[in-house]
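# Below: sequence and its predicted model.
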Amino acid sequence: MPTQAEIEAAAKAMFENWELGLGIAKLGLEAAERARWQPIETAPKDATCVLLYDGDGADPTVCFWHAIQGWTARWDHEPFEEPTHWQPVTSPPERK
């Protein structure tokens, strides 16, 4: 999460330099797009961990694609049946 000082610096840069401001806005919009739930058909099938949702109201589950088993829950390696949407897993906070 950006600090207030970082937000203010970005806003100042946007007003002082239109092209830089457009670049900052584009980066923000691209990050927001990556964080949206996406159709399962677009999910990576390269063993990358992603959040999966199956539309039944249960909590999303961290899963990965297994070449034989299909979508597989990361924590117990059980199959994740019929996911409808996926989302990238966010990076953990930095260790201090």
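It's in.
# right, and the helix or strand after the lowest-mean-pLDDT helix or strand in the chain?
The weakest-scoring helix or strand in the chain, judged by mean pLDDT, DSSP states H and E, is helix 18-35 (a mean of 70). Sequence-wise, the next helix or strand downstream of helix 18-35 (DSSP states H and E) is strand 38-39.
# So for that following strand, mean pLDDT?
Strand 38-39 comes out with an average pLDDT of 94.
# How much space separates the residue lying closest to residue 82 once chain neighbours are set aside from residue 86?
Once flanking residues are discounted, residue 82 sits nearest to residue 54: 5.6 Å by Cβ to Cβ, 6 or more residues apart in numbering. For every residue, glycine as well, the C-beta is placed using N, CA and C. Relative to residue 86, residue 54 is positioned 11 Å away (Cβ to Cβ, to the nearest Å).
# which one of these two has more residues nearby?
residue 86 (22 against 16; other Cβ atoms under 10 Å).
# helix/strand/coil for the more buried one?
strand (DSSP: H, G, I helix; E, B strand; the rest coil).
# measure it to residue 26 for me?
Counting by Cβ to Cβ, the gap from residue 86 to residue 26 is 23 Å.
# what does residue 45 give?
28 Å.
# again, but for residue 40
Taking Cβ to Cβ, one finds residue 40 at 27 Å from residue 26.
# Looking at these two, which one has more neighbours?
Shown here are residue 40 and residue 26; by other Cβ under 10 Å, residue 40 has more neighbours (17 against 10).
# pretty sure that one is in contact with residue 84, am I right?
Yes: with contacts counted by Cβ atoms under 8 Å, residue 40 reaches residue 84, the gap being 5.7 Å.
# Just want the most central residue of the chain.
residue 88 (3.0 Å; Cα atoms, centre = their mean).
# partners of that one in the sheet?
Residue 88 forms beta bridges with residue 50, as assigned by DSSP bridges.
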